[in-house]
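Asks: A predicted structure for the sequence below; I have some questions about it.
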Amino acid sequence: MEAKRALSRAVKRLKTSPAIDHWQKGRERIEAEDLLMHVLGYEPEPDDELSGKQRRRFEALVDRRMSGEPIPYIKGYADFRGIEILTRPGVFVPRDSSEFLAEQAIRRLRRRKHPVCVDLATGGGTIALAVADEVPTAVVWGTDIAGDAVKLARKNAKALGLRAKFGIGDMFEPLPKRLRASVDVVTVHPPYVPAGEIDDLPDEVRDWEPAHTLTDRSTDGLGLIGRTVAESPWWLRPNGWLLMEVSPDRVKEVKRVYSAGGFRDVQSTKGGELKVTRVVVGRRPR
Ligand SMILES: C[S@@+](CC[C@H](N)C(=O)[O-])C[C@H]1O[C@@H](n2cnc3c(N)ncnc32)[C@H](O)[C@@H]1O
């Protein structure tokens, strides 16, 4: 079978899957192409003939995607700002939107003399490792409450040959005390879905990602957000930044939490592929 025929069959099938969130036009084609490239190991020409084995393997991967399984779990990794982050079920799937959070951290850290970055709720280490890759002089720490996530983050650091340290525990708790008042940038993509809204999430998120990666179980979803704002001034250096990724509909209230916590230069920034407002930034209170 030719690649173009295998692809158009896969796209048709993916479009019919009720387990997939069809929020973006053309997403099914992008995903089918991604899976076919994963099977072949190269980008095929439309007329390239697939062997029987390649076609069966491709169809099996499309079946998995049809069930809602996220592509990074199927492939075993996600591409993030030019590095490959290993993924595994039970650990949050890196989001393309977080590339914009990482970019803003990197831009600020490059201007600092001895840059120090802490990535809270680091998952598989995605943002911390992008920072370590692009600001090699930086001291980078990541923390996560989930042992599986931190284990994967350490594995990722080793596989990529990057210098970043990871600790298991609640928010800032695993960090060495010597980092107090020395951090230039804190990044965080916290779980922020209000407890009562978990059931409204797309199936492919709710059914595949563990609840503790999505919600802190507070009714307003602001539990960990409020704690981060309250605790980060102890760790940030004067003029250090707290950068937080949230969904566009939470931006206004998160800005209010920052301002109530005394943060200065509070702004929401628009960017990423979709050009939506997702990252709230603010400087440490004086
Ligand atoms: C939305 S995910 C972000 C993952 C990661 N930043 C990424 O981009 O892939 C939220 C993460 O917060 C972690 N988490 C939940 N509660 C936490 C806590 N109290 N302290 C530290 N991490 C926590 C979860 O284990 C999960 O990995």
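Replies: Yes, it's here. Residues are numbered from 1 along each chain as shown.
Asks: test my guess that Arg286 contacts Pro238.
Replies: Yes: taking contact to mean CB atoms under 8 Å, the distance of 7.4 Å between Arg286 and Pro238 places them in contact. For every residue, glycine as well, the C-beta is placed using N, CA and C.
Asks: residues of stretch 106-122 that come out buried?
Replies: By neighbour count, with 16 or more other CB atoms under 10 Å as the criterion, the buried positions of stretch 106-122 are 106, 108-109, 112, 115-122.
Asks: also stretch 22-36?
Replies: Along stretch 22-36, these residues count as buried under the neighbour rule (16+ other CB under 10 Å): 28, 31-36.
Asks: next: stretch 176-188.
Replies: Of the residues in stretch 176-188, those scored as buried under the neighbour-count criterion (16+ other CB under 10 Å) are 179, 183-188.
Asks: go on, stretch 200-217?
Replies: Residues 204-205, 208-209, 213-217 are the ones in stretch 200-217 that count as buried (16+ other CB under 10 Å).
Asks: and stretch 247-254, by the same measure?
Replies: Neighbour-count burial for stretch 247-254, with 16+ other CB under 10 Å as criterion, is recorded at 250-251, 254.
Asks: now it, how far from the centre of its chain.
Replies: Taking CA atoms, centre = their mean, to the nearest Å, the mean C-alpha location of stretch 247-254 is offset from the chain mean by 17 Å.
Asks: and the contacts of it?
Replies: 192, 220-222, 225, 244, 246, 268, 276-278, 280 (CB atoms under 8 Å, 6 or more residues apart in numbering).
Asks: first vs last residue of it, how far apart are they?
Replies: Across stretch 247-254, the terminal residues are separated by 10 Å (CA to CA, to the nearest Å).
Asks: same question for stretch 206-221.
Replies: Distance across stretch 206-221, first residue to last, is 16 Å (CA to CA).
Asks: ok, and does that stretch reach over to the ligand?
Replies: Yes: figure legend: stretch 206-221 in contact with the ligand (CB under 6 Å from any ligand atom); contacting residues 212-213.
Asks: mean confidence score for that stretch?
Replies: What stretch 206-221 shows for mean pLDDT is 93.
Asks: with stretch 170-183 instead?
Replies: Per-residue confidence for stretch 170-183 averages out to 98 on the pLDDT scale.
Asks: what of stretch 139-149?
Replies: Per-region confidence: stretch 139-149 scores 98 on mean pLDDT.
Asks: so what touches that stretch?
Replies: By CB under 8 Å, 6+ apart, the list of residues contacting stretch 139-149 reads 88, 90-92, 114-125, 127-129, 131-132, 150, 153, 163-175, 179, 210, 212-213.
Asks: ok, stretch 21-28 next?
Replies: When contacts are taken as CB under 8 Å, 6+ apart, the neighbours of stretch 21-28 outside the stretch itself are 10-11, 14-15, 20, 202-205.
Asks: just these that are near the ligand?
Replies: With CB under 6 Å from any ligand atom as the criterion, the contacts of stretch 21-28 include none near the ligand.
Asks: of those residues, closest to the ligand?
Replies: Each of these was scored against the ligand by CB to the nearest ligand atom, and Val205 proved nearest at 10.3 Å.
Asks: and the closest one, that's in a helix?
Replies: Yes: under DSSP: H, G, I helix; E, B strand; the rest coil, Val205 sits within a helix.
Asks: hang on, it packs against Thr213?
Replies: No: distance between Val205 and Thr213: 9.5 Å, which falls outside the contact criterion (CB under 8 Å).
Asks: next, the nearest residue to Ala153 once chain neighbours are set aside: phi, psi?
Replies: Ranked by CB to CB, 6 or more residues apart in numbering and with sequence neighbours excluded, the top spatial neighbour of Ala153 is Gly125, at 3.0 Å. Backbone torsions for Gly125, taken as degrees, to the nearest 10, come to phi 90, psi 10.
Asks: Gly125 contacts Ala157, correct?
Replies: Yes: look at Gly125 against Ala157 with CB under 8 Å: they come within range, at 6.2 Å.
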